[in-house]
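Participant: Here is a sequence with its predicted model. Questions after.
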Amino acid sequence: MYVLDNSKLNNKRPVSTIVKALLLMLCLTSSYAFAADKIGLGVPATEAQITAWDIDIRPDGKGLPVGSGSALDGEGAYVQKCASCHGDFAEGVGRYPALAGGLDSLASQHPVKTVGSYWPYASTVFDYVRRAMPYGHAQSLTNDEVYGITAYILYSSYIIEDDFVLDQNTLPEVEMPNKDGFIRDTRPDTPPKTVCMSNCFAKAPVVVGKAKQIDVTPDEEPSAEESVVVAEASSQKGEAVFVGQCMACHAVAQGENKFGPSLHNIVGQKVASVAGFGNYSAAIKLSDALWTEDNLKQFLSDPQEFMPGTTMPYGGLQDASELESLIAYLKKNTADN
């Protein structure tokens, strides 16, 4: 038991003040305990709501839904909803990743990491496809379609036969080539004791090697003739970017609409105005913007950021040089036609 020593209290903190403070702390503590017990916000989640969110598939197959499909069943859905980015044979298109191939390459100097060569569990292929694909329309596939597409991907990597039917029971039994290629990380999940946020180096970084040799900073403004040469070179580079990044879904020829609209004369054109193309998303249709150079740059670098709700299955072109070159190519195509 402790007793207050009044002789050590100054005039600014009388006993009555301390008692009031203690009573206030007691009230706050009691209120917090009551609030922590039940704060009266929200409603209990229903079984249907929990089931809708609980869609993860474990490596052992736990959580797989009812359904089935073989590569023969899934080929049509794959070609329609996956091939524009990943290729008809899962070989990848442009910068979109290949899903097949690369077997026995992981120990080489140039490993090719695909579903077939790298992933350790077949069940997690199903999980990822159902959860995140197709790009822009995630979770739109039926369970049978996901089983069929998963089977088609595994078949493309020579892991199963084309008539092998995947379902809740057979999918977990499929052995992936790299199933023993991972080890469990037993290190404790703790942050570092100190994190450097500024002045982390004893001296400023020094430019060396190739970066020092090429010296990309121009000494003076280029002449008009040099500017034409640079623009032409940029346009040629842009054509290569277009072939690798855009050609799977778009063409530059007038009237040649593919999965996406023709980009003929796109610079300066009103959004969603290509004749004969009727597959625009609602977000695109509602826009009254023009495809100016600046708008094109913003859209191509991050379609969802520039126009939320667009269904264009493209993650964005982040390389500033390639983006400039692509715009130059589209401008040249506009000027030439």
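Facilitator: The structure has been received and is ready for your questions.

Participant: Can you list the low-confidence ranges for the stretch 51-200 of the chain?
Facilitator: Applying pLDDT under 70 to the stretch 51-200 of the chain picks out residues 192.

Participant: all helices of it, in order?
Facilitator: Listed in chain order, the helices of the stretch 51-200 of the chain (DSSP state H, counting those that start in this stretch) span 71-81, 83-86, 115-118, 123-132, 143-156.

Participant: Please name every helix or strand in contact with the fourth one.
Facilitator: It refers to helix 123-132. helix 143-156 (3 or more C-beta pairs under 8 Å, 6 or more residues apart in numbering; DSSP states H and E). Heads up, the C-betas are built off the backbone N, CA and C, glycines and all.

Participant: now, of the helices of the stretch 51-200 of the chain, which is deepest in the fold?
Facilitator: helix 143-156 (a mean of 26; mean count of other C-beta atoms under 10 Å).

Participant: now that helix and helix 123-132, what's the angle there?
Facilitator: Calculated by axes from the mean of the first three to the mean of the last three C-alpha atoms, to 10 degrees, helix 143-156 forms an angle of 130 degrees with helix 123-132.

Participant: Which elements pack onto helix 143-156?
Facilitator: Contacts defined by 3+ C-beta pairs under 8 Å, 6+ apart place helix 143-156 against strand 68-69, helix 71-81, helix 115-118, helix 123-132, strand 166-167.

Participant: ok and it relative to helix 71-81, angle-wise?
Facilitator: Going by the same axes, to 10 degrees, helix 143-156 makes 100 degrees with helix 71-81.

Participant: what's helix 143-156 in contact with?
Facilitator: 65-71, 73-75, 77-78, 81-82, 89-90, 99-100, 115-116, 122, 125-126, 129-130, 133, 141, 160-162, 164-167, 171, 174 (C-beta atoms under 8 Å, 6 or more residues apart in numbering).

Participant: change it to 7 Å
Facilitator: Helix 143-156 has contacts (C-beta atoms under 7 Å, 6 or more residues apart in numbering) with 65-71, 73-75, 77-78, 82, 89-90, 99-100, 115, 122, 125-126, 129-130, 160-162, 164, 166-167, 174.

Participant: so how far is that helix off the chain centroid?
Facilitator: Distance, stretch centre to chain centre, for helix 143-156: 21 Å (C-alpha atoms, centre = their mean, to the nearest Å).

Participant: With just CA atoms, put it into CSV.
Facilitator: Only the C-alpha atoms of helix 143-156 are listed here, as CSV (Å, rounded to 0.1, in the frame of the first residue of the first chain):
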residue,chain,number,x,y,z
ASN,A,143,-15.0,-23.5,-62.5
ASP,A,144,-15.2,-25.9,-65.5
GLU,A,145,-13.5,-23.2,-67.6
VAL,A,146,-10.7,-22.8,-65.0
TYR,A,147,-10.2,-26.6,-64.8
GLY,A,148,-10.0,-26.7,-68.6
ILE,A,149,-7.7,-23.8,-69.0
THR,A,150,-5.4,-25.1,-66.3
ALA,A,151,-5.4,-28.5,-68.1
TYR,A,152,-4.5,-26.8,-71.4
ILE,A,153,-1.5,-25.0,-69.7
LEU,A,154,-0.3,-28.2,-68.1
TYR,A,155,-0.7,-30.0,-71.4
SER,A,156,1.2,-27.4,-73.2
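
Participant: mind checking how far the residue lying closest to A289 once chain neighbours are set aside is from L286?
Facilitator: The shortest distance from A289 to any non-neighbouring residue, by C-beta to C-beta, 6 or more residues apart in numbering, is to V271 (5.0 Å). Counting by C-beta to C-beta, to the nearest Å, the gap from V271 to L286 is 9 Å.
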